[in-house]
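In: heads up, no residue letters with this:
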């Protein structure tokens with residue numbers, strides 16, 4: 001078992017369209033083919049202190065997509081982890097993190113697509129978005145995140161089209 005204290009707390013959101021498709025964002029400044037993913041991000045210190053993972057997930061969803069209108073369907077139990085690849089660099093690596101430990105949330109979009117605003121909160125995470133099938137996601141994500149995404153897809157498959 002990995003030492004979870006070495007993993008950065010993180011949340012992710014699978015946003016389901018009412019018809020069962022999922023929201024996919026194309027990461028800004030990321031080359032093909034592994035450039036699509038779900039909204040995800042770090043948990044603020046006060047959210048960690050309170051164990052307020054759903055609030056963190058909704059905040060990340062709002063910051064990255066502009067979406068406010070969504071109902072909770074489910075959440076993963078425990079942590080889903082992934083390691084950063086050896087070639088990775090950046091602030092997370094510099095702070096000593098081995099990877100990320102994530103709690104994932106399935107939310108059903110209840111708003112109008114006009115609410116989606118990728119520039120809602122700089123810096124922009126996604127340059128475009130689309131609705132897609134849950135079963136295609138693992139082929140679109142960067143390979144080092146694939147095992148985590150496979151767990152998320154299996155957990156939330158019952159909400160897909």
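Out: Good, I have the coordinates. Quick caveat: nothing in here was measured; it's all calculated off a predicted structure.
In: in this structure, which spans are helices?
Out: Per DSSP state H, the chain carries helices over the ranges 45-50, 53-65, 91-94, 146-156.
In: export those to a markdown table and tack on mean pLDDT and distance to residue 137?
Out: Bear in mind the C-beta positions are built from the backbone N, C-alpha and C, glycine included. Shown next, in a markdown table, are the helices of the chain (pLDDT from 0 to 100; distance: least, Cβ to Cβ, whole Å):
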| stretch | mean pLDDT | distance to residue 137 |
| --- | --- | --- |
| helix 45-50 | 90 | 25 |
| helix 53-65 | 97 | 16 |
| helix 91-94 | 57 | 22 |
| helix 146-156 | 98 | 6 |
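In: Tell me which of those is the most buried.
Out: Among the helices of the chain, helix 53-65 has the highest mean neighbour count (mean count of other Cβ atoms under 10 Å), at a mean of 21.
In: Show residues contacting that one.
Out: Residues outside helix 53-65 that contact it (Cβ atoms under 8 Å, 6 or more residues apart in numbering) are 11-13, 15, 23, 25, 39-41, 43-44, 47, 67-68, 70, 72, 75, 103-105, 107, 116-118, 120-121, 125-126, 129.
In: now residue 5: how far from residue 98?
Out: According to Cβ to Cβ, to the nearest Å, residue 5 stands 9 Å off from residue 98.
In: between the two, which one's more packed in?
Out: Taking neighbours as other Cβ atoms under 10 Å, residue 5 and residue 98 compare with residue 98 leading, 18 against 7.
In: Please name the nearest non-neighbouring residue to that one.
Out: Take residue 98 and drop its neighbours on the chain: the residue closest to it by Cβ to Cβ, 6 or more residues apart in numbering is residue 6, 4.1 Å away.
In: do residue 27 as well
Out: Looking at residue 27 with Cβ to Cβ, 6+ apart, the closest residue is residue 35, at 5.1 Å.
In: What's the local residue count around that neighbour?
Out: Using other Cβ under 10 Å, residue 35 has 19 neighbouring residues.
In: Look up how far residue 96 lies from it.
Out: From residue 35 to residue 96 the distance is 27 Å (Cβ to Cβ).
In: With residue 110 instead?
Out: The gap separating residue 110 from residue 96 is 40 Å, by Cβ to Cβ.
In: Likewise for residue 20?
Out: To residue 96, residue 20 is 40 Å away according to Cβ to Cβ.
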